[in-house]
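# Fold the following and give me the result.
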Amino acid sequence: MSWSLKLFTIRGIPVRVHGSFLLILVWAAWLGFNTRAAGWPLGVLFWVVFTLLLFVCVVLHELGHSLVAQLFGVTVQDITLWPIGGVARFVKLPQRPYQEFLITAAGPAVNFFLAILFGVIAFAWIGPGRLIDMVTSPYQLERLLTGVSAEAMLIMLALNNLLLALFNLIPAFPMDGGRLVRSVLAAFMPFGRATKLASWLGQGAAVIMGVAALRVPSLFLGLVAAFVFVAAWGERQQAVTTDHLRGVRVSQAMQPIGVRLYPLEMLGAAAGRVAALPQAAYLVVDAGKLLGIASRHDLLAALRKAGPTARVSQHYTQAFVRLAPDDTLIDADEKLAQAQPPFGIVIANGQAVGLLGRGDIARLAETLERYPAALPRE
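Numbers count the residues shown, from 1 in each chain. A predicted model of the protein is given here:
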């Protein structure tokens with residue numbers, strides 16, 4: 001993923017942080033700089049450390065989803081941290097309602113557990129007598145929560161994990177609460193219809209959050225509302241696309257092989273041959289043997305980086321997706337979602353007979369949405 005840095009891998013799941021994550025650290029440093037409880041260096045350190053620890057909890061939340069998903073055989077592409085939270089990307093969620101319910105519920109369950117854990121540690125650290133004094137004295141409680149002590153950090157982590165769990169359970173698809181609603185609906189109706197209904201509910205909740213963000217006002221709540229609204233629309237469109245592609249085979253969407261590239265060919269010469277062609281990917285062959293695939297995007301990027309005299313042999317991938325003409329287009333799209341570049345080679349009887357990219361699938365889905373009878377279905 002562009003603009004992201006890989007931090008580590010756990011159970012085969014890459015955990016990344018997006019470049020925009022720095023914005024939340026700058027915001028935390030600004031809060032610390034303006035703290036009244038201590039000098040600004042200590043305030044900055046406190047708020048930056050607290051923000052980093054809170055996002056560790058966010059990673060654990062996403063790992064809760066991901067590890068349960070792996071139990072059901074779901075491939076997890078990665079986890080990425082953004083300024084407004086974390087996102088775990090799955091190749092395909094299981095369409096058995098109880099499996100999606102358990103995968104979804106695992107995230108908030110982690111936050112509830114962390115809230116209890118930090119709360120117990122804070123209780124043991126502060127002591128029951130002092131804690132009772134704080135609860136009965138608003139002044140002392142405010143002083144604790146606005147301070148920069150270890151006790152304050154523990155209580156803030158406990159409260160924020162509780163808020164994260166409750167906030168994620170808001171029935172606004174594609175948040176966890178919305179996915180739980182979808183999983184329940186899917187037990188009584190087709191998965192696609194459940195997704196559409198849950199997405200409409202999610203967009204309704206996003207509008208309510210947006211109005212609340214204007215009334216408060218709250219920039220963060222407004223950003224979350226915008227994210228939920230757009231993401232719910234995207235989930236609904238994906239459900240619509242899946243419905244239209246149902247029963248369509250790879251052979252009905254694949255593109256002709258067209259121009260082939262050769263490993264010893266110079267990038268400049270190759271670019272000249274394909275410049276005016278609509279192809280988005282090219283087979284790389286040597287003496288009739290299939291070696292790999294190179295996309296137009298990768299070819300042009302290599303041309304800029306390595307220059308026109310570099311050879312094609314250094315700039316193609318052998319880890320391409322193999323598709324069969326009879327594969328369903330839905331299954332092919334799921335495979336291509338993991339591929340880089342997102343193109344597959346269609347092979348029949350040991351011979352390459354066509355190319356298929358996610359762009360080809362999207363164009364076909366758009367046509368079928370307008371005119372479903374354009375292609376025969378099985």
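# list the contacts for L53?
Taking CB atoms under 8 Å, 6 or more residues apart in numbering, we find L53 in contact with 153, 157. To be clear about C-beta, it is placed using only N, CA and C from the backbone, and glycine gets the same treatment.
# for A339, helix, strand, or coil?
Judged by DSSP: H, G, I helix; E, B strand; the rest coil, the three-state class of A339 is coil.
# what's the burial count for the nearest residue to it once chain neighbours are set aside?
Residue nearest to A339 in three dimensions, not counting chain neighbours: V321, with 4.8 Å by CB to CB, 6 or more residues apart in numbering. Using other CB atoms under 10 Å, V321 is surrounded by 19 other residues.
# cool, and Q203?
By other CB under 10 Å, 21 other residues sit near Q203.
# can you give me phi and psi for it?
Taking degrees, to the nearest 10, you get phi -70, psi -30 for the backbone angles of Q203.
# Apart from its neighbours in sequence, what residue is nearest it?
The nearest residue in space to Q203 (CB to CB, 6+ apart) is A232, at 4.7 Å.
# how is the protein carved up into domains?
4-169, 182-245, 250-374 (automatic domain parsing).
# The residue lying farthest from the centre of the chain and I79, how far apart?
Distance from the centre of the chain peaks at G129, with 45.3 Å (CA atoms, centre = their mean). Distance, G129 to I79, by CB to CB, to the nearest Å: 42 Å.
# that older thread, just confirm the residue nearest to A339 contacts I347, I think it does.
No - with contact defined as CB atoms under 8 Å, V321 does not reach I347; the gap is 10.3 Å.
# any low-confidence regions in the stretch 151-300 of the chain?
For the stretch 151-300 of the chain, no stretch has pLDDT under 70.
# Toward the C-terminus, what is the element adjacent to the helix or strand harbouring E235?
Per DSSP states H and E, E235 falls inside helix 219-245. Note on helix 219-245: by DSSP H and E, the next helix or strand toward the C-terminus is strand 260-261.
# Check which residues of the following helix or strand past that following strand are buried.
Where DSSP H and E defines the elements, the next helix or strand beyond strand 260-261 is helix 267-274. Residues of helix 267-274 classed as buried: 267, 270, 274 (neighbour count, 16 or more other CB atoms under 10 Å).
# repeat for stretch 104-115
So stretch 104-115, judged by 16+ other CB under 10 Å, has buried residues 104-111, 114-115.
# From L154, how far out is A365?
50 Å.
# do I361 as well
Counting by CB to CB, the separation of I361 from L154 is 50 Å.
# mean confidence for stretch 306-315?
For stretch 306-315, mean pLDDT is 92.
# nope, stretch 136-149 is what I meant
Computed over stretch 136-149, the mean pLDDT rounds to 69.
# And stretch 19-39, by the same measure?
79.
# ok so, going back, is it possible to get the domains of the chain out as TSV so that each row also shows distance to M175?
Listed next are the domains of the chain as TSV, based on distance: least, CB to CB, whole Å:
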stretch	distance to M175
domain 4-169	6
domain 182-245	6
domain 250-374	22
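# By residue count, tell me the biggest helix in the protein.
helix 40-71 (DSSP state H).
# Tell me the buried residues in that helix?
Buried, per 16+ other CB under 10 Å, within helix 40-71: 43-44, 46-48, 50-51, 53-55, 57-70.
# got it, and stretch 166-176?
For stretch 166-176, by 16+ other CB under 10 Å, it's 167-176.
# which one among those gets closest to P190?
Set against P190, the nearest of the buried residues of stretch 166-176 by CB to CB is F173 (16.1 Å).
# Surely that closest one is within a strand?
No - counting by three-state DSSP, F173 is not found in a strand; it is coil.
# Find the nearest non-adjacent residue to it, please.
According to CB to CB, 6+ apart, the nearest residue to F173 is G202 (3.3 Å).
# Flag every buried residue along whichever strand or helix holds that neighbour.
Using DSSP H and E, G202 sits in helix 191-215. Using 16+ other CB under 10 Å as the test for burial, helix 191-215 gives 191-192, 194-199, 201-203, 205-206, 209-210, 213.
# That one - contacts with which helices or strands?
helix 176-186, helix 219-245 (3 or more CB pairs under 8 Å, 6 or more residues apart in numbering; DSSP states H and E).
# Of all those helices, which one is nearest Y371?
That would be helix 219-245 among these, by CB to CB, at 10.0 Å.
# Okay, angle between that closest one and helix 191-215 too, please.
160 degrees (axes from the mean of the first three to the mean of the last three CA atoms, to 10 degrees).
# In CSV, list the C-alpha atoms belonging to stretch 3-13.
Output of stretch 3-13 as CSV, limited to C-alpha atoms (Å, rounded to 0.1, in the frame of the first residue of the first chain):
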residue,chain,number,x,y,z
TRP,A,3,2.3,5.9,1.7
SER,A,4,2.4,3.2,4.3
LEU,A,5,5.3,1.7,6.3
LYS,A,6,5.4,-1.9,7.5
LEU,A,7,6.0,-2.2,11.2
PHE,A,8,6.0,-5.9,11.8
THR,A,9,4.2,-9.2,10.9
ILE,A,10,2.3,-11.4,13.2
ARG,A,11,0.8,-14.7,12.3
GLY,A,12,1.5,-13.8,8.6
ILE,A,13,-0.4,-10.5,8.9
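# So what touches it?
Contacts of stretch 3-13 (CB under 8 Å, 6+ apart): 14-20, 63, 66-67, 70, 76, 78-80, 88.
# What's the separation between the residue lying closest to A337 once chain neighbours are set aside and I79?
Excluding the flanking residues, the one nearest A337 by CB to CB, 6+ apart is V91, at 6.2 Å. Going from V91 to I79 by CB to CB gives 14 Å.
# Those two: who's more crowded?
Shown here are V91 and I79; by other CB under 10 Å, I79 has more neighbours (23 against 13).
# Pretty sure the more buried one sits in a strand.
Yes - under three-state DSSP, I79 falls within a strand.
# where exactly do the helices run in the stretch 1-150 of the chain?
With DSSP state H, counting those that start in this stretch as the criterion, the stretch 1-150 of the chain has helices at 22-33, 40-71, 97-126, 128-136, 138-145, 150-168.
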